[in-house]
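Trainee: below are the sequence and a predicted model; questions follow.
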Amino acid sequence: MVDLESEVPPLPPRYRFRDLLLGDQGWQNDDRVQVEFYMNENTFKERLKLFFIKNQRSSLRIRLFNFSLKLLSCLLYIIRVLLENPSQGNEWSHIFWVNRSLPLWGLQVSVALISLFETILLGYLSYKGNIWEQILRIPFILEIINAVPFIISIFWPSLRNLFVPVFLNCWLAKHALENMINDLHRAIQRTQSAMFNQVLILISTLLCLIFTCICGIQHLERIGKKLNLFDSLYFCIVTFSTVGFGDVTPETWSSKLFVVAMICVALVVLPIQFEQLAYLWMERQKSGGNYSRHRAQTEKHVVLCVSSLKIDLLMDFLNEFYAHPRLQDYYVVILCPTEMDVQVRRVLQIPMWSQRVIYLQGSALKDQDLLRAKMDDAEACFILSSRCEVDRTSSDHQTILRAWAVKDFAPNCPLYVQILKPENKFHIKFADHVVCEEEFKYAMLALNCICPATSTLITLLVHTSRGQEGQQSPEQWQKMYGRCSGNEVYHIVLEESTFFAEYEGKSFTYASFHAHKKFGVCLIGVRREDNKNILLNPGPRYIMNATDICFYINITKEENSAFKNQDQQRKSNVSRSFYHGPSRLPVHSIIASMGTVAIDLQDTSCRSTSGPTLSLPSEGSKEIRRPSIAPVLEVADTSSIQTCDLLSDQSEDETMPDEEISSNLEYAKGYPPYSPYIGSSPTFCHLLHEKVPFCCLRLDKSCQHNYYEDAKAYGFKNKLIIVAAETAGNGLYNFIVPLRAYYRPKKELNPIVLLLDNPLDDLLRCGVTFAANMVVVDKESTMSAEEDYMADAKTIVNVQTLFRLFSSLSIITELTHPANMRFMQFRAKDCYSLALSKLEKKERERGSNLAFMFRLPFAAGRVFSISMLDTLLYQSFVKDYMISITRLLLGLDTIPGSGFLCSMKITEDDLWIRTYARLYQKLCSSTGDVPIGIYRTESQKLAASESQISISVEEWEDTKEQGHHRSNHRNSTSSDQSDHPLLRRKSMQWARRLSRKGPKHTGKTAEKITQQRLNLYRRSERQELAELVKNRMKHLGLSTVGYDEMNDHQSTLSYILINPSPDTRIELNDVVYLIRPDPLAYLPNSEPSRKNSICNATGQDTREETQL
């Protein structure tokens, strides 16, 4: 074994000054060499250069001393002129000789010696091998002219009175000033510093020209009019200002020549200076200048960081940000690395925005630009991603770096960050508020499949509106839809609220129902004072506390509301029939001006539980009334809580047949075993007991486990949900989880088919003919920064193709730009669509932020734009709870005790309830559900269009024989041809003439050709498309059963009524949006959860039938 201690080298000796004095010889035998670095900087020249040039502080002092020295020499020249007595005569000797006193001469000689020494020293330090370059410099020549004569006069006393043009030192002072300013701003590379420098140089140049002209004229006129300095100043100002009074003029030819020379110099030098100043001014306009520190400390401002600023994004931000009254005094500082485009510049020149919006061209990664924006004093910083980039991951990387830079520079500034891909969220977890685009997009697409138009509901809730849209429209549905769109989410402390203060100590459902009945507000959630989590509809067991924060939906917040009793309203003769018909809006949502709503207080004081309940409308007799609506209890009664069905408390397993129970044993409830990205919220959902082999996931290919090759062969009991995407990204996790959430019944779980390529054959194989919904999200490959509005081109065309091939297929998609929604289900000559287009333009002219809301695809929830959710990030600055509430509604987050969004459909057996208020009471008293809105579908009569009118000669000639065919044919078109009888009659006459043309054939061949020709003429475009699809289905071996019914499509329109008035009539097929309590909240901890109410906490789609 080797001795380790012997291998350890000895410690180095301690080198001390004492050892050197005492002659310690141990260090002499050491072979180490001491090395000194940067020896070149230890030379005398380098030290002088470091002091005079390189060191910023000492160099600035030298420049300041030199500047003062030159000003002193000019001041001594003026003193010499003022002390000199003008001599008589016109001799030229007066030009070359002056009277200079001895003390003045001594001062000028001292200044000349110091100046010349400094000039020679700086020339030596800056010498780089070319001596003539140093000698022929203009400052060096001027220094020689002004200093050498004084130095010579020391050795030659007769030259003491020699005239020396010391006034030329003003140009040397200007040069020293430039160097001094450059040293001062050496470390500040900003456009405004260059602008200041250029203005200073221009002013100093002008002053030097005037001073040189004054001194030159005065001296040359010594043999003429003997002008003093004031007369010379007057002459120069008059001459340079081009006024030219003529009362003072030069007399000698030398002075005239000097004036000509000075004017020529001014005409050359000043335009150059003005050109440079104009260039810097333009550059400063492009870069946006600076946000002053004084304004930042006295006024409030927010910073908007974007990679490229488009006019749509700017207007959405400004309109939403300044929609809140308390933000009217805020400034918005935009920090963008690109130059301001023409449209943005034109908008920012509008007086409304020019006084409050400041554009700075710069990067958030530079501390200088963050300092310009005064980021450390900002109230908030909004960082938005560029969703039009081809590489969305790269766009997220840029956003992450911006967030890191802002957090490093201003750690206390609140951050509001928008990210595109969910896997990048954990990099910006430190931000105060984060909105992930793909999370929200896929969650809304998923909920649109089970709760129709969820995307429209969320979009309207997060937009700021007064509900004035559509009020000038003649159509009733547009008035109702536009008025209800003004509802938003607000908050207030219970003990400070007029709406909810009286419900302290009572259950949540009791407070929600009676607040809606009395004030027309919809209480949807609460938050304890000592808890950060928001609970949506915590259920009837939740008791309201005085310190609870209540979240409610209303036209405006309570602070902007004025309350008016029913009796006072009758005295003031306020009409309650603003909207006529069975579905009118409440009075409290009609009277609105300047952000204040007058709310009608009905006489609905809190009654005892044994008191009367809501009565039926007066047209029904009392004998036939069905008293089946129980009162809403103040405190929850466990026996009265039904967590499963509205009429039955039986669990799903008990009502399910034995064969269905056995088939569903393969499902279990739990958390997904794998998370696709860091930061995803765990969700309790339905899982399989065993993992399915990867080979079985291919629907169009058989494997050793099954032999199915199309969706029809699988025999799914529920309709399919098809997702057409380019790639299976991590965002799809947020699409699947809401559809498999634990509160959805197993019997209503829809199979999900992911279609990564969507030609017609693949569409037919995956079961598009019997699909419940088809979601289209394949637009990533069309992202183009050159024309960003074309980013939706592929999606729009694909959806239009699907719409033409399968007219009744429920297609749900997402677009980048809201303006492109007008192309969804496009009909070129559809009169109704043209009318809606005109309405949209009128609403936009009125300043509406929701002008696109009347487009039928958006109102029906078939399409939405993710850019609409930008307002969610903007609103979170004022309403910090909006992102949390939206995530809870979409199922992105799950909090124990918080409810979830679902829906139920009104059937004929439910129409006896009649009004929305009675429906509210029925839901609150039976299951604890809180309704928040209605999705209504009405029939629509579209005007005829020439391209959609099909020609049928036999239908015109023989109506009895082709009656059935006519019925199907009329249903295949989306227009009513009876509205245009003249057009139809001319079309039939034209078709008849066409059928009579051609040679006359005899026999069966001629009849066959004629029949084929007539069949070709009378085929419509819809029939051609149907024939194409059927042929492809037959070729693939698929059954065509069901495709004809798919094309038998009735034209309808759908829209949303958010928080309608209590007296709104419910109609058949209405879909009611519900916030249902968490079923797990009703389970006792000691009991097993076999008969779990999770199974019956249904998130019904539009086809659900719930008995009331």
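Mentor: Received it, and whenever you're ready, just let me know what you need.

Trainee: and Tyr1055, which helix or strand is it part of?
Mentor: Assessed by DSSP states H and E, Tyr1055 sits inside strand 1052-1058.

Trainee: which SSE is immediately downstream of that strand?
Mentor: strand 1071-1076.

Trainee: direction included, what does that next one pair against?
Mentor: strand 900-905 (antiparallel), strand 930-939 (antiparallel) (DSSP bridges).

Trainee: just name the most buried of those strands.
Mentor: strand 900-905 (a mean of 24; mean count of other CB atoms under 10 Å). In short, each C-beta sits where N, CA and C put it, glycine included.

Trainee: report the distance from it to the chain centre.
Mentor: In this view, strand 900-905 has its centroid 29 Å away from the chain centroid, taken as CA atoms, centre = their mean, to the nearest Å.

Trainee: using PDB, write out every CA atom in the very next helix or strand once past it.
Mentor: Downstream of strand 900-905, the first helix or strand assigned by DSSP H and E is helix 916-926. Taking C-alpha atoms only, helix 916-926 is exported to PDB below (Å, rounded to 0.1, in the frame of the first residue of the first chain):
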ATOM      1  CA  TYR A 916     -86.800  31.600 -16.200                       C
ATOM      2  CA  ALA A 917     -87.400  32.700 -12.600                       C
ATOM      3  CA  ARG A 918     -89.400  29.500 -11.900                       C
ATOM      4  CA  LEU A 919     -86.700  27.500 -13.600                       C
ATOM      5  CA  TYR A 920     -84.200  29.200 -11.300                       C
ATOM      6  CA  GLN A 921     -86.200  28.300  -8.300                       C
ATOM      7  CA  LYS A 922     -86.700  24.700  -9.400                       C
ATOM      8  CA  LEU A 923     -83.000  24.100 -10.000                       C
ATOM      9  CA  CYS A 924     -81.900  25.800  -6.700                       C
ATOM     10  CA  SER A 925     -84.500  23.900  -4.600                       C
ATOM     11  CA  SER A 926     -84.000  20.500  -6.100                       C
END
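
Trainee: average model confidence for helix 916-926?
Mentor: For helix 916-926, the mean per-residue pLDDT is 91.

Trainee: can you name every helix or strand that it contacts?
Mentor: helix 508-519, strand 930-939 (3 or more CB pairs under 8 Å, 6 or more residues apart in numbering; DSSP states H and E).

Trainee: what pairs with the next helix or strand after the first one, parallel or antiparallel?
Mentor: Think helix 508-519. Where DSSP H and E defines the elements, the next helix or strand beyond helix 508-519 is strand 522-527. Strand 522-527 has the following strand partners under DSSP bridges: strand 535-536 (antiparallel), strand 549-554 (antiparallel).

Trainee: now strand 522-527: average pLDDT?
Mentor: Mean predicted confidence for strand 522-527 is 94.

Trainee: before we move on, what about stretch 631-641?
Mentor: Mean predicted lDDT for stretch 631-641 stands at 68.

Trainee: next: stretch 713-721.
Mentor: Rounded mean pLDDT across stretch 713-721 is 84.

Trainee: quick check: buried residues in that stretch?
Mentor: Neighbour-count burial for stretch 713-721 flags Lys719, Leu720, Ile721 (criterion: 16 or more other CB atoms under 10 Å).

Trainee: would you mark the buried spots in the top helix by length along the chain?
Mentor: Scanning the chain for the helix with the most residues, using DSSP state H, yields helix 253-287. Within helix 253-287, the residues that count as buried by 16+ other CB under 10 Å are Ser254, Ser255, Phe258, Val259, Met262, Ala266, Gln273, Leu280, Arg284, Ser287.

Trainee: which other helices and strands does that helix contact?
Mentor: Looks like helix 253-287 contacts helix 191-220, helix 229-240, strand 357-361 (3+ CB pairs under 8 Å, 6+ apart).

Trainee: looking at these, which one is packed in the most?
Mentor: strand 357-361 (a mean of 21).

Trainee: lowest average confidence, helix or strand, in the protein?
Mentor: strand 592-593 (a mean of 31; mean pLDDT, DSSP states H and E).

Trainee: poorly predicted segments of the stretch 651-800 of the chain, please.
Mentor: Applying pLDDT under 70 to the stretch 651-800 of the chain flags the ranges 651-666, 679, 778-788.

Trainee: do the stretch 851-1000 of the chain as well
Mentor: Checking the stretch 851-1000 of the chain against pLDDT under 70 turns up 941-1000.

Trainee: could I get the full set of strands for the stretch 251-400 of the chain?
Mentor: 301-305, 331-336, 357-361, 380-383 (DSSP state E, counting those that start in this stretch).

Trainee: TSV for the ones you listed, including distance to Tyr733?
Mentor: What follows is the strands of the stretch 251-400 of the chain, written out as TSV (distance: least, CB to CB, whole Å):
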stretch	distance to Tyr733
strand 301-305	29
strand 331-336	33
strand 357-361	39
strand 380-383	24
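
Trainee: ok, so of the buried residues of helix 253-287, who is nearest Val526?
Mentor: Closest approach between the buried residues of helix 253-287 and Val526, by CB to CB: Ser287, at 48.8 Å.

Trainee: any chance of CSV for the helices and strands packed on helix 253-287, columns mean pLDDT and distance to Asp329?
Mentor: Formatted as CSV, the helices and strands packed on helix 253-287 follow (pLDDT from 0 to 100; distance: least, CB to CB, whole Å):
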stretch, mean pLDDT, distance to Asp329
helix 191-220, 80, 25
helix 229-240, 83, 46
strand 357-361, 89, 13
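
Trainee: can you redo these as a markdown table with distance to Asp1063?
Mentor: What follows is the helices and strands packed on helix 253-287, written out as a markdown table (distance: least, CB to CB, whole Å):
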| stretch | distance to Asp1063 |
| --- | --- |
| helix 191-220 | 62 |
| helix 229-240 | 83 |
| strand 357-361 | 44 |
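
Trainee: nearest to Pro540, out of these?
Mentor: So among the helices and strands packed on helix 253-287, strand 357-361 is nearest, using CB to CB, at 48.9 Å.

Trainee: off-centre distance for the closest one?
Mentor: 17 Å.

Trainee: helix 253-287 and that strand, what's the angle between them?
Mentor: Between the axis of strand 357-361 and that of helix 253-287 there is an angle of 100 degrees, by axes from the mean of the first three to the mean of the last three CA atoms, to 10 degrees.

Trainee: partner strands of strand 357-361, with direction?
Mentor: Strand 357-361 is paired, per DSSP bridges, with strand 331-336 (parallel).

Trainee: tell me the pLDDT of Ile154.
Mentor: So, for Ile154, pLDDT stands at 88.

Trainee: same question, Gly246
Mentor: Gly246 is given a pLDDT of 73.

Trainee: what about it, how many residues close to it?
Mentor: Applying other CB atoms under 10 Å, we find 7 residues neighbouring Gly246.

Trainee: contacting residues for Gly505?
Mentor: Ile543, Met544 (CB atoms under 8 Å, 6 or more residues apart in numbering).

Trainee: now do the buried residues in the helix or strand containing Gln1023.
Mentor: For Gln1023, the enclosing helix or strand under DSSP H and E is helix 1021-1035. Residues of helix 1021-1035 classed as buried by neighbour count (16+ other CB under 10 Å): Arg1022, Gln1023, Leu1025, Ala1026, Val1029, Arg1032, Met1033.

Trainee: okay, those residues in JSON lines with pLDDT next?
Mentor: Output for the buried residues of helix 1021-1035, formatted as JSON lines (pLDDT from 0 to 100):
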{"residue": "Arg1022", "pLDDT": "70"}
{"residue": "Gln1023", "pLDDT": "75"}
{"residue": "Leu1025", "pLDDT": "77"}
{"residue": "Ala1026", "pLDDT": "78"}
{"residue": "Val1029", "pLDDT": "80"}
{"residue": "Arg1032", "pLDDT": "80"}
{"residue": "Met1033", "pLDDT": "79"}
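
Trainee: done for today, thanks.
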